[in-house]
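Engineer: the amino acid sequence is not available; the structure is as follows:
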């Protein structure tokens, strides 16, 4: 069972125009296609619920966790003022997903961060973000605008989990104007030609030598190559001792 974090947004369907908890169907479809069972995890519970306690209860019931893409992370979370291009922050979602990451670390749950999810993993570990990547790289190829995805060629570090799953390179659909600047506790295992960090993996430790904890800046759920999601599902099955399934690791 793989949990997927969600949006909470104003939405319209049928005759209804209400605040809704939602997520692109491609995330769930990719988990199902990879052999997992998807469960949507709505943002921070309301009504005074202890978010950290709630996240702990939820994560103990999961075999894997996906922190999905979405809005910009509040720069106050990493000690910075907002860039003029930073917008649409969702404090409730930040709090909930950071609590999910706390719980996943505590219980050793395999975790995949996608786009914003990778950025949040970096912030959770004490890292920082480049709030407007075009300032650093001089182009908007990573997020062409509107609902258009860019296609980014990414070189992967040989021997990394992602290289084992993908090969030494991948072209991924991307939609991000922010990117990871610093990432303590993680090693960068994928970069685009302009130097942007496109993938990172948790540094192996003696107490946690085999846990799958990976972030990708592209959107594997949106393309034909779902290898990072497939690797997460394999890792989840390995963690719960499903015979015949093996984790993907160097």
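Structural biologist: Looks like it arrived, so ask away. Only a predicted model underlies this, so the values are computations on that prediction, with no experimental measurement involved.

Engineer: okay, CA-based contacts and neighbour counts for the rest of this
Structural biologist: Will do.

Engineer: buried ones in the longest helix belonging to the chain, by neighbour count?
Structural biologist: Longest helix of the chain, by residue count under DSSP state H: helix 91-107. For helix 91-107, burial by neighbour count (16 or more other C-alpha atoms under 10 Å) applies to 93-105.

Engineer: off-centre distance for the next helix or strand after it?
Structural biologist: The first helix or strand that comes after helix 91-107 along the chain, using DSSP states H and E, is strand 111-114. What separates the centre of strand 111-114 from the centre of its chain is 3 Å, taken as C-alpha atoms, centre = their mean, to the nearest Å.

Engineer: mean confidence for strand 111-114?
Structural biologist: Averaging pLDDT along strand 111-114 gives 98.

Engineer: sheet-wise, list the partners of it with their directions.
Structural biologist: Applying DSSP bridges to the sheet, strand 111-114 is found paired with strand 64-67 (parallel), strand 213-216 (parallel).

Engineer: ok, then the element right after it?
Structural biologist: Remark: after strand 111-114, the chain's next helix or strand is helix 116-124, criterion DSSP H and E.

Engineer: what is the helix or strand just after that following helix packed up against?
Structural biologist: Beyond helix 116-124 in the direction of the C-terminus, DSSP H and E gives the next helix or strand as strand 128-130. On a contact count with 3 or more C-alpha pairs under 8 Å, 6 or more residues apart in numbering; DSSP states H and E, strand 128-130 meets helix 116-124, strand 179-182.

Engineer: can you tell me how far residue 89 is from residue 71?
Structural biologist: Shown here: residue 89 relative to residue 71, a distance of 6 Å by C-alpha to C-alpha, to the nearest Å.

Engineer: check residue 42 too.
Structural biologist: For residue 42, the distance to residue 71 - C-alpha to C-alpha - is 15 Å.

Engineer: do residue 35 as well
Structural biologist: The value you get for residue 35 to residue 71, if C-alpha to C-alpha is used, is 28 Å.

Engineer: kindly report the same for residue 234.
Structural biologist: Distance from residue 234 to residue 71, by C-alpha to C-alpha: 28 Å.

Engineer: who's more crowded, those two?
Structural biologist: Legend: neighbour count by other C-alpha atoms under 10 Å for residue 234 and residue 71, higher for residue 234 (23 against 17).

Engineer: A strand includes the more buried one, no?
Structural biologist: No: under DSSP: H, G, I helix; E, B strand; the rest coil, residue 234 sits outside any strand and is assigned helix.

Engineer: can you tell me the SS state at residue 40?
Structural biologist: Under three-state DSSP, residue 40 comes out as strand.

Engineer: quick check: bridge partners of the closest residue to it other than its chain neighbours?
Structural biologist: In space, and not counting its chain neighbours, residue 40 is closest to residue 4: 4.9 Å by C-alpha to C-alpha, 6 or more residues apart in numbering. For residue 4, the beta-bridge partners are residue 40, residue 66 (DSSP bridges).

Engineer: any chance of the buried residues of helix 91-107 in JSON lines, with pLDDT too?
Structural biologist: Listed next are the buried residues of helix 91-107 as JSON lines, based on pLDDT from 0 to 100:
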{"residue": "93", "pLDDT": "94"}
{"residue": "94", "pLDDT": "95"}
{"residue": "95", "pLDDT": "94"}
{"residue": "96", "pLDDT": "95"}
{"residue": "97", "pLDDT": "97"}
{"residue": "98", "pLDDT": "97"}
{"residue": "99", "pLDDT": "96"}
{"residue": "100", "pLDDT": "97"}
{"residue": "101", "pLDDT": "98"}
{"residue": "102", "pLDDT": "98"}
{"residue": "103", "pLDDT": "97"}
{"residue": "104", "pLDDT": "98"}
{"residue": "105", "pLDDT": "96"}
